[in-house]
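Novice: This is a predicted model, with the sequence first.
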Amino acid sequence: MIAFLFRRFDKTATGFILALALIAVLVPVFNLVVSETSAFHIPNYLVALWGKYLSYALLAVALDLVWGYCGILSLGHGAFFALGGYAMGMYLMRQIGARGVYANPILPDFMVFLNWKELPYTWYFFDHFAYAALMVVLVPSLLALVFGWFAFRSRVTGVYLSIITQSLTYALLLAFFRNDMGFGGNNGLTDFKDIVGASIQSPSTRAALFALTAVFLALGFLVARALVTSRFGQVLAAIRDAESRTRFLGYRVEHYKLLVFVVSAAMAGIAGALYVPQVGIINPSEFAPANSIEAVIWVAVGGRGTLVGAAIGAVLVNFAKTWLTGTSPEFWLYGLGALFILVTLFLPKGIVGALAARFGQRGEGDAA
Amino acid sequence: MMRAILLILGLLSCSLLSPLPVRADDSAALLSRLATDNYGDIESGITALASSGLAGSEIILNALADGRLSYRPSDKALFIKDASGAWMEAATNATPASVPMGLKPVKVNNRVRRALEAALGSMTLMSPDPLKRIAAADAVFKSRDANTLAALDAVISKEADATVKRHFEDARAAVLMLKSDAPEADRVAAANTLGARGDQDSLALLSSVTEANAPANVVASASLAAKGIERRLALLSTAQNAWYGLSLGSVLLLAAIGLAITFGVMGIINMAHGEMVMLGAYTTFVVQEFIRAKAPSLFDWSLPIAIPLAFCVSGLVGLLIERLIIRHLYGRPLETLLATWGVSLVLQQAVRSIFGANNREVGAPSYMTGVWDLGGFQITYGRLWIIVFSLAVFLALLVVMKGTSLGLRMRAVIQNRRMAAAMGIRTPVIDALTFALGSGVAGIAGVALSQIDNVSPNLGQSYIIDSFLVVVFGGVGNLWGTLLGALSLGLANKFLEPLAGAVLGKIVLLAIIILFIQRRPRGLFALKGRAVES
Amino acid sequence: MNPDLTDSILYLDAVSVSFDGFRALNDLSLVVGRGELRAIIGPNGAGKTTMMDVVTGKTRPDNGTVVFDGSTDLTAMDEAAIAALGIGRKFQKPTVFDGQTVEDNLLLALEGPRSAVSSLFGWRSRVAVEQVLDVLAIVRLGDLRAKLAGSLSHGQKQWLEIGMLLAQNPKLLLVDEPVAGMTDAETEETARLLTSIAGDHAVVVVEHDMSFVRTLNCKVTCLHEGSVLAEGSIDLVSANDRVIDVYLGR
Ligand SMILES: Nc1ncnc2c1ncn2[C@@H]1O[C@H](COP(=O)(O)OP(=O)(O)O)[C@@H](O)[C@H]1O
Ligand SMILES: [Mg+2]
């Protein structure tokens, strides 16, 4: 297993993993150990913020896996992210227990507010972390399996697929807005208290969550890399470049697409689950089509078909977003819009792709 | 003045109902029946008063209904408080010499209120104003107070106005329908009358007739009449739904029609299509503001003026987008999608910076307001115009594509670019013009949509997914497919709504379309052939 | 049982295909024996490529039977399943994976398990690479092994596609216009290669180049307007009046 993950390692991949390991250790240390008066101290809010970036980076890696390596431009990956987030949010809600405003030991506040008497069956067992963790992976994967099975079997490709993935997340957006779905409606889930027994607000929990996110990002990266550097990845690239030719060689294209789509959805779900405790809320707006398409631009900026680039792109774009929305909020949308236009026109391979071309390396996308 | 009219009414009513004037001591006794706190007594007092024909009884009952009636327990005299708060003796209508002391209000509970409404209803049955008589009849229809039967019988025979008479008869039928001691034949006739009336209330009433409260053949005719009404109502609601569906379909058609050219015909994924629509709507807003400021008399002309302007504004922006961005991305649909999404963000933010983030008010010209009622089937002029307009735009586009040399060249370039170029057609020019045409049509759609939707920077966002679904559903590259796709999605949406609710209906529809696209990725009217596969 | 059917590797009977009312195949019947080499000629639009589309599952016939290896009905199967049965195809317009190297193209085509799960393991095993080297030697692309397929010339792509067909090692090879874009020497080489494969494999070749067809020295079928116009030895077919009228010219 370990060997499977680490085979065919190159300098970029090693560097990326090392960098992640480094920040997974250093950020918590500079946050918790270094005294607050020191110039090296990293304040709590930055830990949460960077944790958020890293979970976005995992989402970007998931998206790059399907888009960069298999040509599936999913405009609905935000849905998988949000579903993972909701699964985690439901666990966190049930951890609140009787400490809610209405002090109901079983029902979350919004259910008491809606005059519900019993826990809906969708919420059963979510007080167990293991079950919630299972759902984080299972729910997005199942959705991807069912959706992908229909879509790939009937050979919906290209922009058609993009449009229906967008409709998928839009339909879920509408559904989660409804109170009677039982997921908190408009307001979503928030006011979390504990995660596996530790206070969610405490700096040490936040530092731990940060480190965990870095670890999962590294794992996600390794899994994605192992996939794309195997024969499987070779077939994916073949599908991306000439789908019908691949069929005539006897490959069941739909199975390959389905497998990579489901893996990617599970990864996005995990990213969502890491995101929620760090930002402290999950609501239906995570399903907004605009979110999913924003994730696509992270990948495009960093360089699709490079994995590392996707992660870097996610961090860079979100860093810019935080910075710009802080200084001049109206400039952010101009900036984001311009980014979409300029990257597609002038930087089709993204930052990492362009650097690789510059320094004579072949991008990982077409390397074996 | 008001009081004088009421007085005349009261007189009129007593002359109609009771030929004999009530004697003074009788009237005192009648009034004193209300001076109690026993609800049963009050109720019977009200009925007695209403049928007595006593002058001023309507004033007293109205006062009671408004909670302005009080009595003095010592002598059981009734007092009415008028609007200014002054007291007045009920029996004489005179202001008392001194302010009365120790008054208690006459109290009203639900039963009393019902009796009161019935009593007032039966009294206004004789109003000289036909509208009031109809209102009174309808009140009786609702209350179904058996006490009004005598009054109804009296007015029905005298009524000259056919409409009013029909309302009276309906009311009488409603009373008789559930009156267990009424003659069977009358109740059967009542069932038929109600069946002919044919509304929701009649249906409810007819359905409440059961073996428990009526003989078998009354039940039979009631259920027969109820079935008739159900059929009629179902038909009416189907028609109304179809109309709403058609109306929604025409909106979808408007939103999608430009896309049918840029995406359907050219194959360009323009995610900023919704923003072209939005620009059209804002053009309308600017035109209206200008007209309001400079020439208010031209307000009704604001839409016709806005249409060509919106076409130019959106068309020009489209032209720029094509020249600056899209032409570098031909053959790379996914990149086009991303770049045009970027354009949409920029356009939204630009509009937000110029006009603000809030909704802008776009007024409706006089011909867009008003309702046309066709026997329960309502058509609003605004919707009617939008349907007509969308079809007109559709036909105009069809003519341009099929009947002009520009259209011919557009189709030539789309079908075989190299061949068209070899024949001397300047393909880049045609590309740009085609895209500008599609964008301009989207702008025109914006003019119409400004009439039914909020004009805000987000206007376009709400249409983009729907528009794509319409075009894909209808079949790419086929204008007729877009028409049919839009109308069928509109109808499906409106017919799903009552079954599943608005939001759930929309979700169900999305799910259906997703499944449909997966079954037939090329839409309802798929083009076949090798050109499509490549 | 019909001996034509049981002895054949490919059996088409009364196959019709129409596109928007146009009949590309019209009651086409064709039988190819096991190990047979068969040349198919005919004017453009005769339906030669469409016939291969029908066999490989790209196009569904409106009616008719298509049977592989005497027993397998192909009309109900999709492309991948048909390919997995052992039917390989070279396309008229060479289609290779432009973004991958010549070697990887061959590795992708190499006979072996095709399922998604099995593809997670065992990439570039020593055996596989050796097999690929053998094929590279046959199609003379050894020097270009590490080049991207997209950078090859038309003729080289033809060879690469033939190489992929060899690597796939199917029971039936469908070869659509293999020598277009090749030099005369290469054409001869291709003819030699195809004749040498036949015997172990059945080969169906579509070609316009009559001298190439002649060197193949096999049974020839001439298609016209979606059905068989003439069938037999090259001399017989090329002497047929109707063939001369519609195809060869006087
Ligand atoms: N998918 C398709 N759609 C429409 N027409 C097609 C399609 N495939 C083939 N045809 C038509 O069928 C006829 C036969 O084509 P083809 O089999 O390619 O001929 P050949 O290979 O013999 O030159 C041609 O007229 C072609 O235009
Ligand atoms: Mg051909």
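Specialist: Nice, I can see it. Ligands and ions are numbered 1, 2, ... in the order given.

Novice: average pLDDT for the helix or strand B:Tyr463 falls within?
Specialist: Assigned by DSSP states H and E, B:Tyr463 falls within helix B:461-474. Confidence over helix B:461-474 (mean pLDDT, whole number) is 84.

Novice: I would like the residues contacting it, please.
Specialist: The list of residues contacting helix B:461-474 from outside it, by C-beta atoms under 8 Å, 6 or more residues apart in numbering or on different chains, reads A:160, A:163, A:166-167, A:170, A:289-290, B:252-253, B:255-256, B:259-260, B:263-264, B:271, B:273-274, B:277, B:344, B:348, B:449, B:453, B:480-486, B:488-489, B:510, B:513, B:516-517, B:523-525. From N, CA and C alone the C-beta is placed, and that goes for glycine too.

Novice: ok, 7 Å please
Specialist: By C-beta atoms under 7 Å, 6 or more residues apart in numbering or on different chains, the residues outside helix B:461-474 that reach it are A:160, A:163, A:166-167, A:170, A:289, B:252, B:255-256, B:259-260, B:263-264, B:271, B:273-274, B:277, B:481-482, B:484-486, B:489, B:513, B:516-517, B:523-525.

Novice: One more: stretch B:185-199?
Specialist: In this structure, residues lying in contact with stretch B:185-199 by C-beta under 7 Å, 6+ apart are B:169-170, B:173-174, B:176-177, B:202, B:205-206, B:214, B:217-218, B:221-222, B:225, B:228-229, B:232.

Novice: Can I have the buried ones of the contacts of helix B:461-474 as a ChimeraX selection?
Specialist: Below is the selection syntax for ChimeraX that covers the buried ones among those, with 16 or more other C-beta atoms under 10 Å in any protein chain shown defining burial:
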select /A:160,163,166,167,170,289 /B:252,255,256,259,260,263,264,271,273,274,277,481,482,484,485,486,489,513,516,517,523,524,525
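
Novice: Just the ones of the contacts of helix B:461-474 in helices?
Specialist: When DSSP state H defines the helices, the subset of these inside them is A:160, A:163, A:166-167, A:170, A:289, B:252, B:255-256, B:259, B:273-274, B:277, B:481-482, B:484-486, B:489, B:513, B:516-517.

Novice: Same list, these, but only the ones touching chain C.
Specialist: Near chain C, judged by C-beta under 7 Å from any C-beta of the partner chain, there are no entries from these.

Novice: Which ones among those residues also lie next to ligand 2?
Specialist: Among these, not one lies near ligand 2 by C-beta under 5 Å from the ion.

Novice: just to revisit the earlier point, restricting to C-alpha, output the helix holding B:Tyr463 in PDB.
Specialist: Coordinates of each C-alpha in helix B:461-474 appear next as PDB, following Å, rounded to 0.1, in the frame of the first residue of the first chain:
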ATOM      1  CA  GLN B 461     -27.600  34.500 -13.000                       C
ATOM      2  CA  SER B 462     -31.100  33.300 -12.400                       C
ATOM      3  CA  TYR B 463     -31.600  32.500 -16.100                       C
ATOM      4  CA  ILE B 464     -28.300  31.000 -17.200                       C
ATOM      5  CA  ILE B 465     -28.900  27.400 -16.000                       C
ATOM      6  CA  ASP B 466     -32.500  27.400 -17.200                       C
ATOM      7  CA  SER B 467     -31.500  28.700 -20.600                       C
ATOM      8  CA  PHE B 468     -28.800  26.100 -21.100                       C
ATOM      9  CA  LEU B 469     -31.200  23.400 -20.100                       C
ATOM     10  CA  VAL B 470     -33.800  24.700 -22.600                       C
ATOM     11  CA  VAL B 471     -31.400  24.700 -25.400                       C
ATOM     12  CA  VAL B 472     -29.900  21.300 -24.600                       C
ATOM     13  CA  PHE B 473     -33.300  19.900 -24.000                       C
ATOM     14  CA  GLY B 474     -34.700  21.200 -27.200                       C
END
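
Novice: No more questions from me, cheers.
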